[in-house]
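Undergrad: the sequence isn't on hand, but the structure is:
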Ligand code: FCB
């Protein structure tokens with residue numbers, strides 16, 4: 001489609017604003033391995049991946065790419081790529097094995113070692129507090145549908161701020177709370193695998209409440225945002241990462257435009273509006289009177305609306321939505337007719353532009369944006385000599401999305417950085433190791449890392465030698 005073509009003017013990373021942060025992103029359970037070491041407790045993903053039939057081929061994160069032991073090698077790969085930041089996540093059960101009560105110093109020490117290594121190699125440390133590995137003990141007590149989990153999260157977050165405040169340059173409270181809530185408690189495709197709508201929306205609310213409480217706790221360390229306090233340091237910016245969907249209408253007919261707008265309700269407005277002091281979207285619950293709306297108590301919405309320093313967006317593709325009078329909410333997702341990645345996700349770089357504009361307009365430009373994840377799975381394989389991996393489709397995917405990001409900046413959006421998912425192939429949740437998202441190929445048999453062509457492409461982009 002013409003709409004999705006790459007703009008032709010040759011530009012380079014030098015066209016991005018000074019200080020633009022190039023990074024890669026990963027998550028603890030997906031890369032660390034070492035699930036039984038140094039006092040780490042079990043998480044819902046340990047339990048889920050060991051439950052027959054939940055993860056393809058019965059794969060688990062027990063070893064993965066063993067980053068817990070091999071982080072110096074991985075950080076070196078990042079430095080050689082020219083990266084400015086590594087977005088990793090802290091495994092809650094590593095630092096607080098039961099999700100409440102005692103903390104585990106050995107867990108904190110791992111993230112100190114990782115951050116020290118990053119800093120030694122000139123790379124910023126961007127920590128996500130929750131990328132889906134809830135301590136199993138908290139799930140046993142009801143998990144995210146239970147209000148208490150939000151308070152436990154805030155307590156864990158406060159301990160991380162105190163212990164790791166001198167090590168972390170950028171904090172992200174949650175990664176994609178939609179996935180934790182809906183995939184985890186409503187659809188059941190992710191841990192802990194429940195299938196209950198009311199649990200899903202209750203989980204969504206408590207995740208956002210936990211986020212708000214954590215930001216609130218962070219602010220109280222310093223009193224004023226950005227001012228160091230007497231005790232723990234609270235100078236690094238803090239935000240949250242979402243995987244919003246802002247669908248494209250199938251046609252420009254008013255009913256399809258309205259359908260696309262409704263399509264953003266539960267995936268985007270549910271998680272964004274409370275941060276802006278707005279209520280949860282009412283249209284959805286009006287269309288489904290049998291669903292229980294989130295259990296909001298007095299004061300919750302004010303806590304969720306505690307201001308953040310930035311908003312992180314994970315963007316992979318843009319769905320297309322059409323009006324459908326048969327559907328209770330009046331819309332359905334239709335085929336987009338684009339080429340797809342190995343996940344079956346359509347390749348829609350212009351959708352990134354539309355989403356950035358949608359979000360920027362919706363938040364009224366009140367805080368900067370980061371792309372905290374973008375990338376693609378492709379059916380990568382090593383060359384017969386095992387020394388290279390040619391992934392031209394990933395190079396093209398990245399080139400097109402980088403170019404759109406630069407357009408957005410030139411159009412006035414305050415986009416501060418771009419994190420590619422991911423440095424190395426890793427455990428792709430319920431799909432196990434079957435999907436490869438890395439710039440570096442992981443040979444899971446012998447833990448060899450083989451940089452793919454896209455790794456060298458990104459290196460040239462960051463150095464400015466390669467046009468976008
Ligand atoms: C995102 C997740 C991340 C990874 C990518 C492919 O939804 O945040 O952990 O699995 O998808």
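TA: Looks like it arrived, so ask away. Because the structure is predicted, anything quoted here is derived from the model rather than measured. Numbers count the residues shown, from 1 in each chain.
Undergrad: ok, now which ones touch the residue in the stretch 1-150 of the chain positioned nearest to the ligand?
TA: Closest residue of the stretch 1-150 of the chain to the ligand, C-beta to the nearest ligand atom: residue 27 (4.8 Å). Backbone N, C-alpha and C define where each C-beta goes, glycine included. By C-beta atoms under 8 Å, 6 or more residues apart in numbering, the contact list for residue 27 reads 88, 89, 128, 131, 132, 133, 175.
Undergrad: the closest residue to the first one other than its chain neighbours: neighbour count?
TA: The shortest distance from residue 88 to any residue other than its chain neighbours is 5.6 Å, reached at residue 26 (C-beta to C-beta, 6 or more residues apart in numbering). Neighbour count of residue 26, defined by other C-beta atoms under 10 Å: 27.
Undergrad: quick one: pLDDT of the residue of the stretch 1-150 of the chain closest to the ligand?
TA: At residue 27, the pLDDT value in this model is 99.
Undergrad: tell me the spacing between it and residue 87.
TA: When distance is defined by C-beta to C-beta, to the nearest Å, residue 27 is 9 Å away from residue 87.
Undergrad: buried residues in stretch 131-150?
TA: Residues 131-139, 143-147, 149-150 are the ones in stretch 131-150 that count as buried (16 or more other C-beta atoms under 10 Å).
Undergrad: all strands of the stretch 301-450 of the chain, in order?
TA: 310-314, 320-323, 331-334, 369-373, 415-421, 440-443, 448-451 (DSSP state E, counting those that start in this stretch).
Undergrad: looking at those, which is nearest to residue 281?
TA: strand 331-334 (13.4 Å; C-beta to C-beta).
Undergrad: show residues contacting the closest one.
TA: 247, 250, 259-260, 262-263, 319-324, 326.
Undergrad: cutoff 6 Å now
TA: 250, 259, 262, 263, 319, 320, 321, 322, 324 (C-beta atoms under 6 Å, 6 or more residues apart in numbering).
Undergrad: okay, the third one: pLDDT?
TA: Looking back up the chat, that one is residue 262. Per-residue pLDDT puts residue 262 at 96.
Undergrad: same deal with the fifth one?
TA: Confidence per residue is given as pLDDT, and for residue 319 that number is 98.
Undergrad: helices of the stretch 351-468 of the chain, start to end?
TA: 392-410, 453-463 (DSSP state H, counting those that start in this stretch).
Undergrad: and the first one, is it in reach of the ligand?
TA: No. Where contact is defined by C-beta under 6 Å from any ligand atom, no part of helix 392-410 touches the ligand; the two come within 12.8 Å at best.
Undergrad: by contact count, what packs against that helix?
TA: helix 349-362, strand 415-421, helix 453-463 (3 or more C-beta pairs under 6 Å, 6 or more residues apart in numbering; DSSP states H and E).
Undergrad: just the angle for it relative to helix 453-463, thanks.
TA: Angle between the axes of helix 392-410 and helix 453-463 is 30 degrees (criterion: axes from the mean of the first three to the mean of the last three C-alpha atoms, to 10 degrees).
Undergrad: next structured bit after the lengthiest helix in the chain?
TA: The longest helix of the chain (DSSP state H) is helix 197-222. Counting by DSSP states H and E, the next helix or strand C-terminal to helix 197-222 is strand 238-242.
Undergrad: what pLDDT, on average, does that following strand get?
TA: Mean predicted confidence for strand 238-242 is 98.
Undergrad: which strands and helices sit next to that strand?
TA: strand 170-175, helix 197-222, strand 310-314.
Undergrad: and the helix or strand just after that strand, what other elements does it pack with?
TA: Remark: after strand 238-242, the chain's next helix or strand is strand 248-249, criterion DSSP H and E. Applying 3+ C-beta pairs under 6 Å, 6+ apart, we find strand 248-249 packed against helix 254-263.
Undergrad: one more time with 10 Å, if that's ok
TA: helix 254-263, strand 320-323, helix 349-362 (3 or more C-beta pairs under 10 Å, 6 or more residues apart in numbering; DSSP states H and E).
Undergrad: check the offset of the last one from the chain's centre.
TA: Put plainly, it is helix 349-362. 17 Å (C-alpha atoms, centre = their mean, to the nearest Å).
Undergrad: report all helices and strands that it contacts.
TA: strand 248-249, strand 310-314, strand 369-373, helix 392-410.
Undergrad: relative to strand 415-421, how tilted is that helix?
TA: Using the same axes, to 10 degrees: helix 349-362 against strand 415-421 is 140 degrees.
Undergrad: how far is the helix-or-strand element of the chain with minimal mean pLDDT from where the chain is centred?
TA: None of the helices or strands of the chain scores lower by mean pLDDT, DSSP states H and E than helix 282-287, at a mean of 93. Its chain's C-alpha centre and that of helix 282-287 lie 27 Å apart, by C-alpha atoms, centre = their mean.
Undergrad: so does stretch 435-446 get close to the ligand?
TA: Yes. Judged by C-beta under 6 Å from any ligand atom, stretch 435-446 and the ligand are in contact via residue 437.
Undergrad: start to end distance for that stretch?
TA: One end of stretch 435-446 to the other measures 18 Å (C-alpha to C-alpha, to the nearest Å).
Undergrad: would you mind listing the buried residues in that stretch?
TA: 435, 436, 437, 438, 439, 440, 441, 442, 444.
Undergrad: just checking, the third one touches residue 426?
TA: The one in question is residue 437. Yes. Counting by C-beta atoms under 10 Å, residue 437 does reach residue 426; the two are 7.2 Å apart.
Undergrad: and for these two, which residues touch both?
TA: 26, 30 (C-beta atoms under 10 Å, 6 or more residues apart in numbering).
Undergrad: so residue 417 bridges to which residues?
TA: For residue 417, the beta-bridge partners are residue 21, residue 370 (DSSP bridges).
Undergrad: next, count neighbours for it.
TA: Neighbour number of residue 417 under other C-beta under 10 Å is 24.
Undergrad: so it makes contact with residue 87?
TA: Yes. Judged on C-beta under 10 Å, residue 417 makes contact with residue 87 at a distance of 9.2 Å.
Undergrad: anything in contact with each of the two?
TA: Common neighbours of residue 417 and residue 87 (C-beta under 10 Å, 6+ apart) are 21, 23, 124, 126, 170, 312, 370, 372.
Undergrad: quick one: contacts for the fourth one?
TA: Meaning residue 126. Counted by C-beta under 10 Å, 6+ apart, residue 126 has contacts 21, 23, 25, 84-89, 115, 118, 168-172, 236-237, 239, 312, 370, 372, 417, 419.
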